[in-house]
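> I would like the atomic coordinates for the input below:
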Amino acid sequence: MPQQAGGLGLDLLTTCAVTEELAGGCLATAFVWLQHRGLAMTLAAETTPAALRDQWLEPACQGKVRGGVALFGLIPGPPLLRARPAEGGWRLDGEAPWVTGWGLIDLVLVVARGPHDSVVSLILDAAAQPGLTVTRQRLAAVNASATVRLDFDGVVVPAERLARQEAFDPAESLRPDRLRVNGSLALGVVARCARLLGPGPLDDELAACRSRLDDAIAADAEAMAEARAAASELAVRATAALAVRDGSRSIMADTHPPRLAREALFLLVFGSRPAIKSVLLRQLGATAG
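A predicted model of the protein is given here:
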């Protein structure tokens, strides 16, 4: 976030390093924080109306206002969530299956498919309101993230809460720089395993995987898909190695290995894309090379 708003003004690679450290400490915390970052970045964008920036950007940087995201309007294919003009603002209909931090956050950045093949970004109060149904999702990992499903049936968002409306571009969600940060979540789990295991070959694999992700930023979507898949696969192997090293006590619920293994399972599918999934299935031996 910009320094003048109370942020640190970090570049992408430094942000990825911070994300990795947070994920190595507590993936649930890192997960909630990343969603907040999504709202804050939207508030900081030059295209966002000045009134919204003036109201919420500085409090968001300070953590006085906390946010989540529902970005399902960006997903290619038939839209899960639609926005259309209504009296006094915008009407939302559809679903957002995964919204993190409910009960912890104040605002949700909702990105829905709008008229004329557009994408509409709206800032919604994270609170009970007419037409909104909230259902808690019970997760095998990072359950403390308080992730919910939101169902929208004519939820009206005031016109002044519109952050932007732009043409829908399916390739936008595949930009390598957009996909890089989530790779740091898997690296954080690997790094935690490496610290618990002690110095060894896993340290070199972690460094190589990090470099591969960094190099893919300037490459293309295919290179980033390969790098993201490699990070997730390494997290699975790292947690398995830790469990084997620790032996039978690894099946005890209050130890590190089972939690980290569940987190690695979570990261096989979180923030994924079809290309990442295909590479992972190949790496895991489920499909032909």
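
> which residues in the stretch 101-250 of the chain form helices?
Along the stretch 101-250 of the chain, counting by DSSP state H, counting those that start in this stretch, helices occupy 176-197, 201-216, 221-246.

> reformat those helices as JSON lines; add mean pLDDT.
Converted to JSON lines, the helices of the stretch 101-250 of the chain look like this (pLDDT from 0 to 100):
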{"stretch": "helix 176-197", "mean pLDDT": "96"}
{"stretch": "helix 201-216", "mean pLDDT": "98"}
{"stretch": "helix 221-246", "mean pLDDT": "97"}
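
> let's have the ones you listed in a markdown table, adding mean neighbour count and distance to Glu263.
Every C-beta, even on glycine, is put in place using the N, C-alpha and C of the backbone. As requested, these are arranged in a markdown table below (neighbours: other C-beta atoms under 10 Å; distance: least, C-beta to C-beta, whole Å):
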| stretch | mean neighbour count | distance to Glu263 |
| --- | --- | --- |
| helix 176-197 | 22 | 5 |
| helix 201-216 | 17 | 15 |
| helix 221-246 | 21 | 8 |
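
> so for Gly271, which of those helices sits nearest?
helix 176-197 (3.8 Å; C-beta to C-beta).

> could you dump the closest one to CSV, C-alpha only?
Output in CSV follows, covering the C-alpha atoms of helix 176-197 (Å, rounded to 0.1, in the frame of the first residue of the first chain):
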residue,chain,number,x,y,z
PRO,A,176,1.5,-14.2,-13.8
ASP,A,177,1.9,-11.3,-11.4
ARG,A,178,-1.6,-12.0,-10.1
LEU,A,179,-0.9,-15.7,-9.5
ARG,A,180,2.5,-15.2,-7.9
VAL,A,181,1.5,-14.2,-4.4
ASN,A,182,-0.6,-17.3,-3.7
GLY,A,183,2.4,-19.4,-4.5
SER,A,184,4.0,-18.0,-1.4
LEU,A,185,1.4,-19.7,0.8
ALA,A,186,2.8,-23.1,-0.3
LEU,A,187,6.4,-21.9,0.1
GLY,A,188,5.5,-20.8,3.7
VAL,A,189,4.3,-24.4,4.5
VAL,A,190,7.5,-25.8,3.0
ALA,A,191,9.6,-23.4,4.9
ARG,A,192,7.9,-24.4,8.2
CYS,A,193,8.6,-28.0,7.5
ALA,A,194,12.2,-27.3,6.6
ARG,A,195,12.7,-25.5,9.9
LEU,A,196,11.2,-28.4,11.8
LEU,A,197,13.3,-30.9,9.9
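
> when you give positions from now on, start the count at 712
Fine by me, first position is 712 from now on; the one you just mentioned is helix 887-908.

> how far is stretch 959-968 from where the chain is centred?
A distance of 27 Å separates the centroid of the chain from that of stretch 959-968, by C-alpha atoms, centre = their mean, to the nearest Å.

> quick one: mean pLDDT over that stretch.
Averaged over stretch 959-968, pLDDT sits at 95.

> and for stretch 842-862?
Mean per-residue pLDDT for stretch 842-862: 97.

> so what touches it?
738-739, 742-743, 781, 803, 805-815, 819, 839, 863-867, 970, 973-974, 976-977 (C-beta atoms under 8 Å, 6 or more residues apart in numbering).
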